[in-house]
Structures are given as C-alpha cells and as structure tokens.
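S.K.: got a sequence here, can you build the structure:
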Amino acid sequence: MIERDRLVSSFRAARRKGRAPLLTIVLSLVAWTCTGNSPQPNEEAPPTLMLGEFVDDYGTLYTIQADQWIQHPNARYHLRAWHTRDQFVVAQNDSGNPSDGSLWTRIDWIVFDDPHEYEWAFCYVAYQAQTQEDALAVGSTQRDTPRTGCNGFPFSRMKRVTPPNP
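M.R.: Residues are numbered from 1 along each chain as shown. Modelled structure (predicted):
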C-alpha cells in the first residue's frame, strides 16, 4: 500500500508540473504489471510436452497453453506460476467456472518413463484454495504411486489429440 501511495503522490506532483501524460503512461504500465498480466520474475517455462490438446483416460478434452488450462466444456484455469522443476502449476479458477470460481488450484503432474498411449498424468491437488499462497502450501501428491497418489485416487492420464490427416 505504501508503494501505491507513493505512486499516487508522484502522479499528482507531475500533474501540477504539466508532465502528467508521460507519467500516466508509466503508471499504467506499472499497474498492468502489478495485476498479474506480465510474467513474474520467478516463473519457469511450462514443459512443451504439456502444451496442446489432450484427452484424458476418462474421455475429457483439455486445451493447455502457457497461460491457461481448459477442461472442456466449461472449466477454465488461469495459470499463474509454473514450478516445472517440482512438477506443478498454480492456477486461479475462472470466475465463470460452474464451481469454485475465482478460487485457486494446484495441479501436480508426472511424466511416464515408458509412455505407451499416455505421455503424462495430472492431479488437481487443491482446487478450492482461498489464495495463491494456500494453493502453494498444499502438500504434494504421491507421484511414486500414480494409481492412488492423487488424494487417494489415480492421476488422470493424458494423451495428445492428433489432428486428422487431410
């Protein structure tokens, strides 16, 4: 809050001196950055193996991009922090989701050593966390037992959807 107050004071002083237009642009960029619209300095790049369209072993379609995870037909998660080395991502649930809108989710994943049909699998470790910090604080899954390591349930196995040949 102190930073915000200092920015507002600087803006008012610049306006009195006739330099408000430039400062308005600078402050707008700062505000845009602070609202989560730009990468955070500690973000890691998502693994390319997880980007694209997939179907899980229950037949549900997913579209995963660096900044969003869509579980079709109507659940969307805004990916806020990839932790690639630790194999999880933290996301904010879309406000329009049928349940748990605007809450926070932690998604853990595993990559199969010897993939056949499925390359990787995921688990919604937390999906109703009140804050991003709460989602981060949730304990990790048991990746060494993927059939029961997702809160007592199996990880959802994912295979890439390949476009039909023309």
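S.K.: switch to C-alpha atoms for all contacts and neighbour counts from now on
M.R.: Fine.
S.K.: could you pull out the helices in the protein for me?
M.R.: For the chain, the helices defined by DSSP state H cover 2-16, 20-32, 132-137.
S.K.: weakest of those by average pLDDT?
M.R.: Of all the helices of the chain, the minimum mean pLDDT falls on helix 20-32 (a mean of 40).
S.K.: what's the pLDDT at the closest residue to residue 75 other than its chain neighbours?
M.R.: Leaving aside its chain neighbours, residue 75 sits nearest to residue 97 (5.2 Å; criterion: CA to CA, 6 or more residues apart in numbering). Per-residue confidence (pLDDT) for residue 97: 96.
S.K.: I figured residue 97 hits residue 76, correct?
M.R.: Yes - the pair residue 97 / residue 76 is scored as a contact, 6.5 Å apart, by CA atoms under 8 Å.
S.K.: quick one, which of the two is more surrounded?
M.R.: Using other CA atoms under 10 Å, the more surrounded residue of residue 97 and residue 76 is residue 76, with 23 against 14.
S.K.: quick check, that one in contact with residue 67.
M.R.: No - using CA under 8 Å, residue 76 is not in contact with residue 67, being 10.6 Å away.
S.K.: stretch 103-123: which residues count as buried?
M.R.: By neighbour count on 16 or more other CA atoms under 10 Å, the buried set for stretch 103-123 is 103-111, 118-123.
S.K.: and the strands in the protein?
M.R.: 52-56, 61-64, 68-71, 75-83, 88-93, 104-111, 120-129, 156-160 (DSSP state E).
S.K.: would you mind putting those into a markdown table with distance to residue 142 and mean pLDDT alongside?
M.R.: As requested, the strands of the chain are exported to a markdown table (distance: least, CA to CA, whole Å; pLDDT from 0 to 100):
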| stretch | distance to residue 142 | mean pLDDT |
| --- | --- | --- |
| strand 52-56 | 19 | 97 |
| strand 61-64 | 23 | 98 |
| strand 68-71 | 22 | 98 |
| strand 75-83 | 17 | 97 |
| strand 88-93 | 13 | 97 |
| strand 104-111 | 10 | 97 |
| strand 120-129 | 10 | 96 |
| strand 156-160 | 13 | 96 |
